[in-house]
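[1] Sequence and predicted model, in that order:
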Amino acid sequence: MPKAALSGNLQGALWIIASCLAATVMTVGVKMASDGLSSTQIVFVRCVLSLAMMAPFVIGSGKNVLFSRHWKKHLVRGAIGAISMNAGFYALSNLPITTASVLFFSTPLFMTALAGPMLGEKVGIHRWGATLVGFAGIVVVVNPTLDTIEFAMLAALISAALFAVLLIQGKVLSKDDPPGTLMIYFMMMATLASAPPALSHWVWPDQSLWIILGVLSVGATARVYFDIKAYAVGEASAISVFQYLRLITIAFAGYLVFGEVPDERTIIGAGLIVASTLYIAQREAFRQKRARAELKEAQAAD
């Protein structure tokens with residue numbers, strides 16, 4: 001008797017779990033590499049190695065993957081991505097990795113705030129309320145006073161906000177261009193934009209650092225691939241919740257590798273941010289379901 005195939009959502013959840021593990025490998029790698037290299041150099045090498053890993057895909061897909069009517073928008077997106085990565089890697093280099101990761105999870109909050117001006121979406125009171133709760137969680141983590149606020153925390157929030165812009169831009173561009181085109185343009189431009197600050201104070205990595213850089217680049221590239229596979233087979237509303245496993249895997253890795261223990265403010269703030277983003281995801285799923293139902297009724301009426 002043949003075995004039953006896994007459902008799309010279960011497959012998606014497994015891909016998301018794989019993505020969380022790959023992201024953890026990347027995060028730990030960045031923290032380890034920062035002992036001997038600047039964050040700008042780590043970003044540049046990561047981009048170069050990831051671009052090299054994507055070369056077989058480009059060759060296999062043919063040169064058409066490089067052509068787009070929106071190439072200028074792709075280049076702008078890549079430049080924004082370079083800034084986001086540099087800010088994020090700086091934060092990882094200077095903060096406990098759990099604290100930085102909690103702040104990175106504010107991306108859905110920024111996406112909600114930007115949905116109106118960038119996509120023309122109407123954001124209801126429920127999602128705005130959840131967003132405010134999430135930002136309250138950020139305040140708890142950052143503890144913004146003139147004496148205690150850290151630039152690295154601001155860098156983490158800048159990275160999260162710019163990543164939200166990248167996701168929204170990707171959503172718009174994906175209407176005309178396939179994922180491969182978005183990935184190639186993004187990585188090429190990010191590599192070029194990351195080169196000047198990295199090369200201005202280049203330090204040649206030793207063998208152990210090259211191994212770390214190679215492993216974190218594999219983790220970063222695999223994470224992107226796993227996320228694409230996850231959302232290709234599963235419903236976003238059903239599988240996005242599994243992204244929060246990354247907080248657990250990173251917290252465990254931080255304790256195991258660096259002896260880091262999240263403080264009380266980080267734990268409380270993480271709870272507020274996770275709760276608010278989960279609620280936003282639930283409301284978005286409800287909104288999309290209602291829109292599909294209304295469209296189906298309208299088509300039936302015609």
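    Thanks, I have the structure now. Numbering: from 1, shown residues only.
[2] In the stretch 1-150 of the chain, mark out all the strands, start to finish.
    For the stretch 1-150 of the chain, applying DSSP state E, counting those that start in this stretch gives no strands.
[3] got any ranges where it has weak pLDDT?
    1-6, 61-63, 119, 121, 144-149 (pLDDT under 70).
[4] can you list the domains in this structure?
    For the chain, the domain assignment from automatic domain parsing gives the residue ranges 8-119+152-261, 120-149+263-302.
[5] Start and end of the first one, how far apart?
    This means domain 8-119+152-261. Separation of the first and last residues of domain 8-119+152-261 by CA to CA, to the nearest Å is 36 Å.
[6] if I look at Leu213, how far off is Val48?
    Between Leu213 and Val48 the distance is 9 Å, computed by CB to CB, to the nearest Å. From N, CA and C alone the C-beta is placed, and that goes for glycine too.
[7] out of these two, which sits in the more crowded spot?
    Leu213 (22 against 18; other CB atoms under 10 Å).
[8] Grab the nearest non-local neighbour of the more buried one.
    Distances taken as CB to CB, 6 or more residues apart in numbering place Val45 nearest to Leu213, at 4.9 Å, with adjacent residues excluded.
[9] ok, the nearest residue to Ala275 once chain neighbours are set aside - contacts?
    Distances taken as CB to CB, 6+ apart put Val133 closest to Ala275, at 7.0 Å, once the chain neighbours are dropped. Shown in contact with Val133 (CB atoms under 8 Å, 6 or more residues apart in numbering): 272, 275-276.
[10] Recalculate using a threshold of 10 Å.
    By CB atoms under 10 Å, 6 or more residues apart in numbering, the residues touching Val133 are 109, 272-273, 275-277, 279-280.
[11] just Gly36 next, same as before
    Taking CB under 10 Å, 6+ apart, we find Gly36 in contact with 42, 203, 205-206, 208-209, 212.
[12] Need these in CSV (columns: neighbour count).
    Below are the contacts of Gly36 laid out as CSV (neighbours: other CB atoms under 10 Å):
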residue, neighbour count
Ile42, 31
Val203, 11
Pro205, 17
Asp206, 9
Ser208, 11
Leu209, 19
Ile212, 23
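[13] re the thing from before, my guess is the residue nearest to Leu213 contacts Ile211, does it?
    No. Contact criterion CB atoms under 10 Å: Val45 and Ile211 do not qualify, at 12.0 Å.
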